[in-house]
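Trainee: 3D, please:
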Amino acid sequence: MPVSAPVDGFRLAYGRQGAGEAVVLLHGWPGDRADWREVLACLGEPVDVVAPDLRGFGESDKHLEEDDRAYSLGAQVASVVGLIEELGLGRPVIGGYDVGSRVAQGIARERPDLVGALVLAPPLPGVGERVLGERAQKEFWYQAFHRTGLPERIIDGRPDAVRAYLEHFWSHWSGPSFSLDGSELDRLTSLYGDPGAFVASIGWYRAGAGTVATSLGERPPPAQERIPAPTTVLWPEHDPLFPREWGDRIEEFFSRVTVHALPGAGHFSPLEAAGRWAEEILAARADSVWSSRAVR
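Mentor: Next up is the predicted model:
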């Protein structure tokens, strides 16, 4: 498995397939780059697709001696930017959901010159104080739990506990017609179950990058500071974390954005609606290439 050059001492493991215009796909928690396996199958060979494990996930580096800032949004952005530049991907379409969505948006804000277009699923900005509502708090309890010392004591390094914990989220967050295969849950358990691996995966939340920690402080930027990349949002019908009504302020944060519903899909939309993801990625890639050539 190829790995990137280190950024701040962290190397990213990544998969790569196809040839042509570049696409970068960023996974979520509790998953890894294989979250995109069905999308990759639908995309086929017409694009050059790179799917990394983010810092602290999968086969990428995990440095537990580092403080939580090593897994912050800025740190994750730095690693993916380093990979894009190292591989000479130009201005790829960047797709992301869950943690990967936040990282993709961070890249588009910090390095708009490296982004041809975005294809995203929640989380998206604009949630605000709704994250404090009773319904939301019943769902987002895990983010506060991850910032305590309990995960080290009762989950980390205990494969049975890790498996049960991951299974809860993969079952509860998915749509009614999706069920994660047991062998795939075993594979994820093998990645998250080693001592230190689970704690590394939740460094994102400990760094204050989760939805609860960020939503209250979000403010719509001036129009000239909105994310400039053309953006397609795919909003699942059955995501218990992010109800569709939370998408009512997206245009305050993006210059050019289109929102599409994903009927029947839950939170793990790259696996639950892979064909639609592939369709929108290819459309975004085509539009991005046309636009970049038109301005030369």
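Trainee: local confidence estimate at D67?
Mentor: According to the prediction, D67 has pLDDT 68.
Trainee: can you tell me the closest non-neighbouring residue to the spatially most central residue of the chain?
Mentor: Residue closest to the mean C-alpha point of the chain, counted by C-alpha atoms, centre = their mean, is G100 at 1.5 Å. Nearest non-adjacent residue to G100, counting by C-beta to C-beta, 6 or more residues apart in numbering: L26, 2.9 Å away. For every residue, glycine as well, the C-beta is placed using N, CA and C.
Trainee: cool, L83 as well?
Mentor: S4 (4.7 Å).
Trainee: list the contacts for that neighbour?
Mentor: 11-12, 14, 52, 79, 82-83, 86 (C-beta atoms under 8 Å, 6 or more residues apart in numbering).
Trainee: rebuild these as CSV, extending it with pLDDT.
Mentor: Output for the contacts of S4, formatted as CSV (pLDDT from 0 to 100):
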residue, pLDDT
R11, 98
L12, 98
Y14, 98
P52, 98
S79, 98
G82, 98
L83, 98
E86, 98
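Trainee: and those as a markdown table, adding secondary structure and neighbour count?
Mentor: Conversion of those to a markdown table gives the following (DSSP: H, G, I helix; E, B strand; the rest coil; neighbours: other C-beta atoms under 10 Å):
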| residue | secondary structure | neighbour count |
| --- | --- | --- |
| R11 | coil | 20 |
| L12 | coil | 27 |
| Y14 | strand | 22 |
| P52 | strand | 30 |
| S79 | helix | 24 |
| G82 | helix | 18 |
| L83 | helix | 20 |
| E86 | helix | 12 |
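Trainee: closest one of the residues you listed to W36?
Mentor: Closest approach between the contacts of S4 and W36, by C-beta to C-beta: P52, at 10.3 Å.
Trainee: is that closest one in contact with Y14, as I believe?
Mentor: Yes: the criterion here is C-beta atoms under 8 Å, and P52 meets it with Y14 at 3.9 Å.
Trainee: common neighbours of these two, please.
Mentor: Common neighbours of P52 and Y14 (C-beta under 8 Å, 6+ apart) are 4, 33, 83.
Trainee: from those residues, which single one is nearest S179?
Mentor: R33 (20.9 Å).
Trainee: how about the closest one, nearest residue that isn't a chain neighbour?
Mentor: Nearest to R33 is A51, by C-beta to C-beta, 6+ apart, at 4.2 Å.
Trainee: ok, residues contacting the helix or strand that neighbour falls within?
Mentor: Following DSSP states H and E, one finds A51 within strand 47-52. With C-beta under 8 Å, 6+ apart as the contact definition, strand 47-52 has outside contacts at 4, 12-27, 33, 36, 40, 43, 60, 79-80, 83, 87, 89, 92, 281-282, 285.
Trainee: make a PyMOL selection of the buried ones in the residues you listed.
Mentor: Buried residues among the contacts of strand 47-52 (16 or more other C-beta atoms under 10 Å), as a PyMOL selection:
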select buried, resi 4+12+13+14+15+18+21+22+23+24+25+26+27+33+36+40+43+60+79+80+83+87+89+92+281+282+285
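Trainee: so which of the contacts of strand 47-52 belong to helices?
Mentor: With DSSP state H as the criterion, helices contain 40, 43, 79-80, 83, 87, 281-282, 285 from among the contacts of strand 47-52.
Trainee: so what's the nearest residue to L114 once chain neighbours are set aside scoring on pLDDT?
Mentor: Leaving aside its chain neighbours, L114 sits nearest to I84 (5.5 Å; criterion: C-beta to C-beta, 6+ apart). Here the pLDDT value assigned to I84 is 98.
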